[in-house]
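Undergrad: Got a predicted structure here, sequence first:
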Amino acid sequence: MYRLDESKIKVLYIAETSLSNKSAYSQHVIKMCDAFGQKKCSLTLVVPYEKNNFRFKNIKNRFLLNSKKPFLIKSILNSKIKNFFSRFEFAIKASIFTKSQRPSLIVTRSLLSSFCLSILRIPHFLEIHNEIKSFSKFLFLGLNYINSKYIIKIILISNALKKKFNLNKKKVMILHDGSDPTNFKKSKKINKIKNATYVGSFYQGRGIDLIYFLAKKFKHINFKLYGNNNKNYKSNLKNLKIFKFVEYNKVPSILASSDLLLMPYEKKVFIRAKNINTADYCSPLKMFDYLASGKIIISSNLNGISEVIKNGYNGYLVNNFNMYSWEKKINEIIKKTKRNHMIQTNALNTAEKYSWNNRVKKIIIEYKKNIYNYL
């Protein structure tokens, strides 16, 4: 393997998002940049648009960043992305900027930027979290740019997502999302289930209606939901409270006050793009924070999730998405005090395995392995 001091690696990360929004995409990008910083790499994050007064300190406290080395934030456009054409403009400008900077290691979550980088013969890592749709599908699958020799590795978030693509095994890295366990305090052993919590969006397929049902059935448990309430859910139940979106720096304390953490995904799970169903391959970002909190997790048994959560080991999985299956499983959990203590320990160990630092370490190792091919 090529020996290279990590502090000498100049990383450039291209992301098609706004750092001021509330998406999991932005959180993922910021945490990855922080992990590169903790490895002492110098990093520039390229995004479409941020206001002139937006600085690293704006996100450091908001996302509980730990790197002593701040990363630079470079805006490429004069306004936020509004349509496909502005996306393409960003991709072109980001790629030209990349070539001018001559970084060592390039990572992008922008498909169109990857296409432009390939055209310019710039080696890079491409990270994909969803199926590819529309014109991007034509470029990458129809014209086979997904197998470009200038894509060092394609990073996918689950083995289940890999099945959606016809890719050379040597081209793929499976890296689930992650968490930073240092953001969470050591969890106490749970002897009684008093509080159940859901943190995340309220998009279609997230199982919010199921939580209502459970609150009616388990009146001795306090249910708390935090997130963007896009459907304006309201509750008249004394044991069900709905809160607005909270910044990430408040999440650890919210989870610390909980006993049971909920991921009631349905068979169809949608993100902001309503034509993309992620149920078959999702690897939810919150799952890793749930694990890092050392609490008891109960989740729908979906393919991507079951690659990380093992039923009865580091959490509980419900095979059938129906209200009575969930009711039955929670009744089982309430009775299994000793088993729950073991699950808490295993959850913490799993979170350490899937830390952001370990994720970045694997990318750096692959970079060092392949650097000679592009020198």
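TA: Looks like it came in fine.
Undergrad: only C-alpha atoms for contact and neighbour calcs from this point on.
TA: Will do.
Undergrad: Pull the contacting residues for the residue nearest to the spatial centre of the chain.
TA: The residue lying closest to the centre of the chain (Cα atoms, centre = their mean) is residue 285, at 3.6 Å. When contacts are counted by Cα atoms under 8 Å, 6 or more residues apart in numbering, residue 285 is found next to 24, 28, 177-179.
Undergrad: Restricted to buried residues, select the residues you listed in PyMOL.
TA: Here is the PyMOL command that selects the buried residues among these (16 or more other Cα atoms under 10 Å):
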select buried, resi 28+177+178+179
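Undergrad: Just put the contacts of residue 285 in a markdown table and tack on secondary structure and pLDDT.
TA: Output for these, formatted as a markdown table (DSSP: H, G, I helix; E, B strand; the rest coil; pLDDT from 0 to 100):
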| residue | secondary structure | pLDDT |
| --- | --- | --- |
| 24 | helix | 90 |
| 28 | helix | 96 |
| 177 | coil | 96 |
| 178 | coil | 96 |
| 179 | strand | 96 |
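Undergrad: would CSV of the contacts of residue 285 with distance to residue 107 be doable?
TA: Supplementary listing: the contacts of residue 285 in CSV, determined by distance: Cα to Cα, whole Å:
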residue, distance to residue 107
24, 18
28, 13
177, 15
178, 17
179, 19
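Undergrad: List just the nearest of the contacts of residue 285 to residue 64.
TA: Taking Cα to Cα as the measure, residue 64 sits nearest to residue 179 out of the contacts of residue 285, at 11.1 Å.
Undergrad: Just list the residues touching residue 341, thanks.
TA: By Cα under 8 Å, 6+ apart, the contact set of residue 341 is 189-190.
Undergrad: Would you quantify the distance from it to residue 193?
TA: Distance, residue 341 to residue 193, using Cα to Cα, to the nearest Å: 12 Å.
Undergrad: Kindly report the same for residue 80.
TA: As defined by Cα to Cα, residue 80 lies at a distance of 45 Å from residue 193.
Undergrad: Could you do residue 224 as well?
TA: Going from residue 224 to residue 193 by Cα to Cα gives 13 Å.
Undergrad: who has more neighbours, the two?
TA: More neighbours sit around residue 224 than around the other of residue 224 and residue 193, counting by other Cα atoms under 10 Å; the figures are 21 against 18.
Undergrad: what's the spacing between the more buried one and residue 173?
TA: Distance from residue 224 to residue 173, by Cα to Cα: 36 Å.
Undergrad: Quick check: closest non-adjacent residue to residue 219.
TA: If you skip the residues right next to it in sequence, residue 219 has residue 239 as its closest partner in space, 6.4 Å away by Cα to Cα, 6 or more residues apart in numbering.
Undergrad: Surely the one you found and residue 217 touch.
TA: No: here residue 239 lies out of contact with residue 217, judged by Cα atoms under 8 Å, at a distance of 10.5 Å.
Undergrad: Comparing the two, which shows the higher neighbour count?
TA: Between residue 239 and residue 217, counting by other Cα under 10 Å, residue 239 is the more crowded of the two (18 against 12).
Undergrad: pLDDT at the more buried one, what is it?
TA: At residue 239, the model reports a pLDDT of 95.
Undergrad: Return the residues in contact with it.
TA: With contacts taken as Cα under 8 Å, 6+ apart, residue 239 has the following neighbours: 215, 219-223.
Undergrad: same deal with residue 313?
TA: Under the criterion of Cα under 8 Å, 6+ apart, the contact partners of residue 313 comprise 342-343, 346.
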